[in-house]
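**Q** here you go, sequence then predicted model.
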Protein chains: 4
Amino acid sequence: MEPVLPSRGRKGDAVARILTAATAVFSEAGFGGTRVDEIARRAGVNKATIYYHIGGKETLYGEVIRSVIGNVAEKILAGVKEDQPPEEKMKTYIRSIIMTIENNPRMAPIMMRELASGGAHFPPVVGRDIARIIGTLTDILEEGVKKGIFISTVPFILHMMVIGSLMFYRASAPVRAKLEWIPEVVKQLSAGINEEVAGEIEKLILRAISR
Amino acid sequence: MEPVLPSRGRKGDAVARILTAATAVFSEAGFGGTRVDEIARRAGVNKATIYYHIGGKETLYGEVIRSVIGNVAEKILAGVKEDQPPEEKMKTYIRSIIMTIENNPRMAPIMMRELASGGAHFPPVVGRDIARIIGTLTDILEEGVKKGIFISTVPFILHMMVIGSLMFYRASAPVRAKLEWIPEVVKQLSAGINEEVAGEIEKLILRAISR
Amino acid sequence: MEPVLPSRGRKGDAVARILTAATAVFSEAGFGGTRVDEIARRAGVNKATIYYHIGGKETLYGEVIRSVIGNVAEKILAGVKEDQPPEEKMKTYIRSIIMTIENNPRMAPIMMRELASGGAHFPPVVGRDIARIIGTLTDILEEGVKKGIFISTVPFILHMMVIGSLMFYRASAPVRAKLEWIPEVVKQLSAGINEEVAGEIEKLILRAISR
Amino acid sequence: MEPVLPSRGRKGDAVARILTAATAVFSEAGFGGTRVDEIARRAGVNKATIYYHIGGKETLYGEVIRSVIGNVAEKILAGVKEDQPPEEKMKTYIRSIIMTIENNPRMAPIMMRELASGGAHFPPVVGRDIARIIGTLTDILEEGVKKGIFISTVPFILHMMVIGSLMFYRASAPVRAKLEWIPEVVKQLSAGINEEVAGEIEKLILRAISR
DNA sequence: AATGAATGAGGTTTCATTCAT
DNA sequence: AATGAATGAAACCTCATTCAT
């Protein structure tokens, strides 16, 4: 779609451009729908260059997955400080996820497809990431329960709720824009998760667990 | 994978078997990852039979989409009765979605992939379905607000929350089972949305909007 | 192209309709370009009916060839009477060919394609027909030479000239009509071989051999 | 990067070999009867190479048509000099067509099949070529009429006569050789248009139009 | 480091033919 | 006599990958 000028700059450019293009194409078309030709075209390199630098389609996909959902726990949990009250920690956790999704618009489609295919391509780090996130979330909730401000709930379900809400909202944007019959009110919602939407979701999640 | 007995029964069997097999394969592999050969194998028919009865891969996919997410509003809104109090209506709405997802396990992966690719294959009815669901949900929420039991919120966001939570929970089952490092507690969650999970999500959603 | 009503009349209708349709399709598309489906469609019968009554595509093509260029010598030589002067005999021969071509518009394309593929499907009768025609033509020319009104020439070459001229004129009609850049004068020539064209060709052939 | 001259003589070979093979196969079997596999086999390349360099079967056929009957007017009219008397010009025109047909033995079958299917694949240049040829022929004839040596006739009909005679003679060679019952005299005619045959046809055509 | 050319394996689709009724 | 359904074989075409430079 976006033809790329073959502006060769510094060394290593090629690899970066390949990864960017690959991320775009994989996120738009999925693994099976992606053509290596198309990635090469968008990256402005010869197809063989991809094989020279990176390897096959599978390897390339792995790289993309790693760069998109690798070490995501880091980003999500970075802001959660020990000295915050649990309510603030929850807010930080929610906002971090929102920022992660918004800063990386290719993430939602890729994760949804990966989930749909049973995570066939998830790198090992994903399990550890989920573990860390659920662990921290459990701590936050337990602390809240102890302080009498949260109800007791299942952390994993809550996590699915936050992730699911946000990703579905994000991923539904193109559909909202395209389909006829969708109510005008819905169409006018912002494609990205802007402050209004973020606030609304944050509010609902907190209301759901607040005593 | 499942070899199918070539049990030739009544007429029309072939078409039904083809659609069933196609739904399975498309849901497992996505459009690009699906091989027509595989569908034929699982349906126990010759590949050409698919073309004779239905047409190409694209048409077949369209049929699958139609049968899986066509007229889903019907099922979801069927139980919402006029004389219920808004809280009951919300519960009915949530439970209907859960049942729809559980009765049709192929739905979650297919919808997630479709969403990921911008709904390229959604039939026109999907727009109308979403419109009807959002419409009914809006009515329920407004009624609840009027009666002083619900807070005011954005119906579409709430819908994304319900759908997103449920589909992510459902679709994450294989990943939970497979990945190492996932906490034991999480692994032991049921794959399907059983009563416990359903009740938890229902509870959280209602808490989120209840005044 | 012409959809045919499935008007079942007398018995044997089907076979006749099949042969008519087959002649049309083979003449338009050639053997390789013809689809048995298309013949069935145009004949208004089920594809299997063709196999039931006639046999495979090859057999059907044979039948068409036989009916189109079988015993053509009969028609061409029928009018040549013993008591005519050689000039009249030549005219009769030319006019008979013209009438044969005009009465059977499917003949020209079929013959041209058969010739192009080396007559792979010619039935044995074709050889005998050519022999008879060349024989009679030789007689006519020799008689003319003896009477001092014709020059001596090679009968087969003359035959190719008559047949070639007429078939090329006839077969070029669609091309004349379709291509741009063709001079208006040429476009306005009649598609069929009308009296004017017939007379012109007859005149040229006779001038060519007349002393 | 690209060497100016094909250093090994190997580059571009593939395309040339493909076109040669394609011309042969299409001329022998027609479009519908041609298998891309067969072309690849004869060209000594992998089937995919054809698609890489040229595109699909249809495109390949177009290229063949272009190379076989593209700019044929050039060759036919090249020898016709202004200062020749009209009779010489006619002879040149006839001999040029003969040479064109003889130098390109694939031409006759391809043109005959194309004509039979209404010139579906003729490139635009064909119309212009016919226009130019008819134009020149008209000039020659008018000049002859003015000088009192030609009769008045329809140029297009005369052109069909020349082309038709020659192509039918040429294309009938395999049939003459194969069929039984064909008179020995006819069988012994040369397959190609040798000097004897060329002279005979030239003589007949000139006699036909000479006053 | 990078590429144009080439290819084997396998994809979707077509088609002449047969089968069961 | 006639047909809707079904199919094996083979057609066209694609695509991830490798090769030679």
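**A** Received, thanks.

**Q** can you tell me the SS state at A:Ala21?
**A** Under DSSP: H, G, I helix; E, B strand; the rest coil, A:Ala21 falls in the helix class.

**Q** burial measure for it, as a count.
**A** Residues near A:Ala21, counting by other C-beta atoms under 10 Å in any protein chain shown, number 23. (C-beta placed from N, C-alpha, C; glycine too.)

**Q** residue contacts, it?
**A** A:4, A:39-40, A:42-43 (C-beta atoms under 8 Å, 6 or more residues apart in numbering or on different chains).

**Q** can you tell me how far it is from A:Gly33?
**A** 15 Å (C-beta to C-beta, to the nearest Å).

**Q** just A:Glu184 next, same as before
**A** Taking C-beta to C-beta, one finds A:Glu184 at 32 Å from A:Gly33.

**Q** if you count what's nearby, which of those two comes out ahead?
**A** Using other C-beta under 10 Å, the more surrounded residue of A:Glu184 and A:Gly33 is A:Gly33, with 17 against 6.

**Q** what's the nearest residue to the residue in chain A positioned nearest to chain D if we skip its chain neighbours?
**A** Closest to chain D within chain A is A:Asn46: 10.8 Å, counting by C-beta to the nearest C-beta. Leaving aside its sequence neighbours, A:Asn46 sits nearest to A:Ala40 (C-beta to C-beta, 6 or more residues apart in numbering or on different chains; 6.3 Å).

**Q** just give me the residue right at the centre of chain A.
**A** Against the mean C-alpha coordinate of chain A, by C-alpha atoms, centre = their mean, the closest residue is A:Met107 at 3.5 Å.

**Q** go ahead and confirm that residue touches A:Val68.
**A** Yes. Counting by C-beta atoms under 8 Å, A:Met107 does reach A:Val68; the two are 5.4 Å apart.

**Q** care to break chain A down by domain?
**A** As given by automatic domain parsing, the domain ranges for chain A are A:13-67, A:70-209.

**Q** what about the last one, near DNA strand F?
**A** No. Judged by C-beta under 7 Å from any atom of the strand, domain A:70-209 and DNA strand F are separated, with a smallest distance of 13.8 Å.

**Q** just the helices in chain A please.
**A** A:13-33, A:36-43, A:47-53, A:57-69, A:72-78, A:86-103, A:107-116, A:124-146, A:155-171, A:173-178, A:184-187, A:195-209 (DSSP state H).

**Q** got the CA coordinates for the first one in CSV?
**A** Translated: helix A:13-33. The C-alpha coordinates for helix A:13-33 follow below in CSV (Å, rounded to 0.1, in the frame of the first residue of the first chain):
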residue,chain,number,x,y,z
ASP,A,13,18.3,0.6,7.7
ALA,A,14,17.2,-2.4,5.7
VAL,A,15,16.6,-4.6,8.8
ALA,A,16,14.6,-1.9,10.5
ARG,A,17,12.6,-1.2,7.4
ILE,A,18,11.9,-4.9,6.9
LEU,A,19,10.7,-5.3,10.5
THR,A,20,8.4,-2.3,10.2
ALA,A,21,7.0,-3.4,7.0
ALA,A,22,6.6,-7.0,8.3
THR,A,23,4.8,-5.7,11.4
ALA,A,24,2.4,-3.8,9.3
VAL,A,25,1.6,-6.6,6.8
PHE,A,26,1.3,-9.3,9.4
SER,A,27,-1.0,-7.1,11.5
GLU,A,28,-3.2,-6.4,8.4
ALA,A,29,-3.3,-9.8,6.9
GLY,A,30,-2.3,-12.3,9.5
PHE,A,31,0.4,-14.9,9.0
GLY,A,32,-1.3,-17.0,6.4
GLY,A,33,-2.5,-13.9,4.5
